[in-house]
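Student: build me a model:
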Amino acid sequence: MSIEVRNITKVFGEQKALDNVSFEIRNGEIVGFLGPNGAGKSTLMKIITGYIPATNGEVLINGMNILENPIEIRKKLGYLPEQNPLYFDMYIVEYLKFVAGIYGIKNKKARIDEIVSLTGLEPEINKKIGTLSKGYKQRVGLAQAIIHDPEVLILDEPTSGLDPNQIIEIRNLIKNLGKEKTVILSTHIMQEVEAICDRILLIKKGVLLANDKAEDFAHLNSDSISTLLVEFDGELAENDFAQIKGIRNVRKQSPTRFAIEYNKNNDIRKSVFNLAVQKGLAVLNMQEKEKSIEEVFAELTNG
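Tutor: Numbers count the residues shown, from 1 in each chain. Sure thing, here's the model as predicted:
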């Protein structure tokens, strides 16, 4: 299912939580929402699910307005909120039967068995939800979100509270679900975005700052500095690079390896090769240092 967010603005009192946000998500995409705390990610997810209305703008799911067709659309949505609302006095299977009944699922037992296996709940299956660890509570929340086989899955911090092994398992599950469903997830874990997402939306103070494919996101930046990693077949000193114009800083990583920061509009590669020739050395390796998603995130949100 496709999702269209058109000019969404949300105001709480005098505070503008979202400011004219627009984007589209195609069927089968896994899209990550990034942003600092309070950026508006959770608010936007609640609007997309129809949980709260926007002040202005509209959300279309497969061309249908979420506010005009709430029941029909919610049947096709799975939602895991950041604050996972569970009935702590119910047993896991009891709770999943309850949720399955709400959705009118036929052959509940078979579907619950399938979901329990899919989300790895078997070891704790006979326990009450209130006695579970945070990680297993999160798994129960994910189970209720997918039990009705929704076409769109909206996950707010889905791996919150999980240990490293559980995080990998849930990531793999989300990735597999994304082969057949449209998935939106918010997270503060940058490795999660790199491992799962096809596209990244970056929000700051309610404004959409970036909307790019995951592989292109690392090329976004807010400054004019690049870093060149160079390795020679012999030793050099930092001050040997002083003759090259445009260099801002040289960091010696070993006697033969250097990280050179330079003005992006001044390509220094030819000058570095010439320096090597002058010193009677060969260049063994030269490459631009790719910025990590963490670095780009910091630049765009702190700028």
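Student: let me see the ranges of the helices in the stretch 201-303 of the chain.
Tutor: Under the criterion DSSP state H, counting those that start in this stretch, the stretch 201-303 of the chain contains helices at 214-217, 269-278, 293-302.
Student: any weak-confidence spans in this protein?
Tutor: 217-224, 290-295, 297-300, 303 (pLDDT under 70).
Student: for it, what spans make up the strands?
Tutor: 3-12, 15-25, 30-34, 56-61, 64-65, 77-80, 152-156, 182-186, 199-204, 207-213, 225-232, 247-254, 257-263, 283-288 (DSSP state E).
Student: list the buried residues for stretch 265-276?
Tutor: 268, 271, 272, 275, 276 (16 or more other CB atoms under 10 Å). Any C-beta I mention is one placed from the backbone N, CA and C, and that applies to glycine too.
Student: against residue 283, how distant is the last one?
Tutor: Right, the one you point to is residue 276. 5 Å (CB to CB, to the nearest Å).
Student: give me the common contacts of the two.
Tutor: Taking CB atoms under 8 Å, 6 or more residues apart in numbering as the criterion, residue 276 and residue 283 both touch residue 232.
Student: domain parsing for the protein?
Tutor: Listed domain ranges for the chain are 3-217, 225-302 (source: automatic domain parsing).
Student: from these, which stretch is densest packed?
Tutor: domain 3-217 (a mean of 18; mean count of other CB atoms under 10 Å).
Student: specify the beta-bridge partners of residue 201.
Tutor: residue 33, residue 211 (DSSP bridges).
Student: identify the residues contacting the closest residue to residue 260 other than its chain neighbours.
Tutor: The shortest distance from residue 260 to any residue other than its chain neighbours is 4.6 Å, reached at residue 228 (CB to CB, 6 or more residues apart in numbering). Applying CB under 8 Å, 6+ apart to residue 228 gives the contacts 259, 260, 262, 268, 269, 272, 286, 287, 288, 289.
Student: contacts only, for residue 178.
Tutor: 28, 29, 30, 196, 198.
Student: surely the third one meets residue 173?
Tutor: What it means is residue 30. No. Distance between residue 30 and residue 173: 11.9 Å, which falls outside the contact criterion (CB atoms under 8 Å).
Student: show me how far stretch 162-178 is from its chain's centre.
Tutor: Relative to its chain's centre, stretch 162-178 lies at 13 Å (CA atoms, centre = their mean, to the nearest Å).
Student: any idea what residue 24 is bridged to?
Tutor: Beta-bridge pairing of residue 24 under DSSP bridges involves residue 4.
Student: surely it is in contact with residue 1?
Tutor: No. With contact defined as CB under 8 Å, residue 24 does not reach residue 1; the gap is 11.8 Å.
Student: thank you kindly, that will do.
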